[in-house]
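>>> Need a 3D model of the sequence below.
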Amino acid sequence: MKLKPFRIEHYYAKYEFTAQFMLSSSDMQSRSVAELLALEPDARERFDALWLGYTESSGAPYLREAIAGMYSGISSDDVLVISSAEEGIFLVYHALLGVGDHVIVETPCYESGLELARSTGAEVSPWQRYFEDGWAHDLAALEALIRPNTKMIYINTPSNPTGINMKPEVFAAVMDLAKERGIIVFCDEVYRELEHDPSTRLPAACEVYENAISLGSMSKSYGLPGLRLGWSASRNRDLLEKCLHFKYYTTICSSAPSEFLTALALRQRKILLTRNLEIVRRNLPILEAFVARHESLFSWVKPNASPIGFPRVTIAGDVTDFCEQIVRETGVLLLPGGVYDQPQHVRMGYGRLNMPEALERLEGHLQSQNLKLEP
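Take a look at the predicted model:
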């Protein structure tokens, strides 16, 4: 197995814990353990009594039950608990793909969605989306990529980095293409339930297609990345069983405190989501107005889900240098799009309470600069 450097995490390792403002965060404003425990009357007592032994490799039954309850037609036996979505991507690819297989990966995407597929030895074809087309999904292009040995299609909705939810007709068409050919659909749904208009929420892939795997996480929509917990859900239990057998070689099982707190958070997730939606609905218009004020520098397809957007930057110079200058001089961290192979873009996050202050700091910097723009 050969892996390229993880550019996103390498960049964040340099700045994430020293920058004053995270204006590129892909997750929501987090909470403390005390805040979570306060959501249920006896949670503190139960947490204090928690046994810190090994947990079940597939996940605690009470946690898998809580996760299954988020879906239609999914039981606890259709759920595999994993130590973060990152492990889920690793397990699905390496348990199910190998030399001689072909996988199609929707891009731009979170780097591991592409690089971990390549690391299996399978042939990988990007299903590319383009800013110039409004990040539209080209179904004809997808169909043209399918080969006799295509085993899996990876999609991500709502999307990282664009913050855009797949259109229902596109989602249905992807599922139909896969069903007709018996192709596995691996759907990264870590931003599900953070659609700005909940009426636009798609069904989970695992709900509509037996050979689909839905990937979920506590990190993004729920704002609890410190729990390091996620899950894969599928009605094809053979696929999950293969992933479980591979998990025996990775983490074996999850953290008992994380399982307890995750189950609690999911039982009370409406409280978490109500606050998180309030934050993005407050912050997004502020960010949209900022982009409009600086239309000579930024242009974007306005996101409709998640707490992230992916503006294009029209600066003539290197966007990574631009971002690094900003974080050094202002303490405001943007993520350069080169980590997504989109070097003229930056990822902006609007899921933090201090986003308006961060944006004000960035705007003051931009007004003081004599930036050279693309002709």
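>>> Next, count neighbours for the closest residue in space to Ile74 that isn't next to it in sequence.
The shortest distance from Ile74 to any non-neighbouring residue, by Cβ to Cβ, 6 or more residues apart in numbering, is to Ala68 (4.9 Å). Any C-beta I mention is one placed from the backbone N, CA and C, and that applies to glycine too. By other Cβ atoms under 10 Å, 18 other residues sit near Ala68.
>>> Surely Ala68 and Val81 touch.
No. Using Cβ atoms under 8 Å, Ala68 is not in contact with Val81; the gap is 11.1 Å.
>>> helix, strand or coil for Thr320?
Classification of Thr320 by DSSP: H, G, I helix; E, B strand; the rest coil places it in helix.
>>> scratch that, Arg347 is what I was asking about
Per three-state DSSP, Arg347 ends up strand.
>>> Who does it form a beta bridge with?
Taking DSSP bridges as the rule, Arg347 bridges to Leu335.
>>> Now for it, how many residues are close by?
Neighbour tally, Arg347, other Cβ under 10 Å: 26.
>>> Now do the contacts for Asn160.
Each residue near Asn160 by Cβ atoms under 8 Å, 6 or more residues apart in numbering is listed here: Ser26, Cys109, Tyr110, Asp188, Val190, Tyr191, Ser306, Ile308.
>>> which residues does the fifth one contact?
It stands for Val190. Contact partners of Val190, counting by Cβ under 8 Å, 6+ apart, are Ala85, Asn160, Leu215, Gly216, Ser217, Ser219, Lys220, Ser221, Gly230.
>>> Tell me the pLDDT of it.
Note on Val190: pLDDT of 98.
>>> Check the second one too.
pLDDT for Cys109: 97.
>>> Surely it touches Tyr340?
Yes. Using Cβ under 8 Å, Cys109 is in contact with Tyr340, at 7.4 Å.
>>> just to revisit the earlier point, could you pull up phi and psi at the residue nearest to Ile74?
Per-residue torsions, Ala68: phi -60, psi -30 (degrees, to the nearest 10).
>>> With the one 3 residues further on instead?
For Tyr71, the backbone dihedrals (degrees, to the nearest 10) come out as phi -120, psi 160.
>>> separation between it and Ala60?
18 Å (Cβ to Cβ, to the nearest Å).
>>> who are the neighbours in contact with the closest residue to Gly53 other than its chain neighbours?
Of all residues not flanking Gly53 in the chain, Ala256 sits nearest, at 7.1 Å (Cβ to Cβ, 6+ apart). Neighbour list for Ala256: Leu50, Trp51, Leu52, Gly53, Thr55, Ala60 [criterion: Cβ under 8 Å, 6+ apart].
>>> three-state assignment of the first one?
This points to Leu50. Classified using three-state DSSP, Leu50 is coil.
>>> Tell me the spacing between it and Leu37.
Distance from Leu50 to Leu37, by Cβ to Cβ: 11 Å.
>>> Generate a markdown table for the contacts of Val190, with secondary structure and pLDDT as supplementary columns.
Listed next are the contacts of Val190 as a markdown table, based on DSSP: H, G, I helix; E, B strand; the rest coil; pLDDT from 0 to 100:
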| residue | secondary structure | pLDDT |
| --- | --- | --- |
| Ala85 | helix | 96 |
| Asn160 | coil | 98 |
| Leu215 | strand | 98 |
| Gly216 | strand | 98 |
| Ser217 | strand | 98 |
| Ser219 | coil | 98 |
| Lys220 | coil | 98 |
| Ser221 | coil | 98 |
| Gly230 | strand | 98 |
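>>> of the residues you listed, closest to Pro5?
Asn160 (18.9 Å; Cβ to Cβ).
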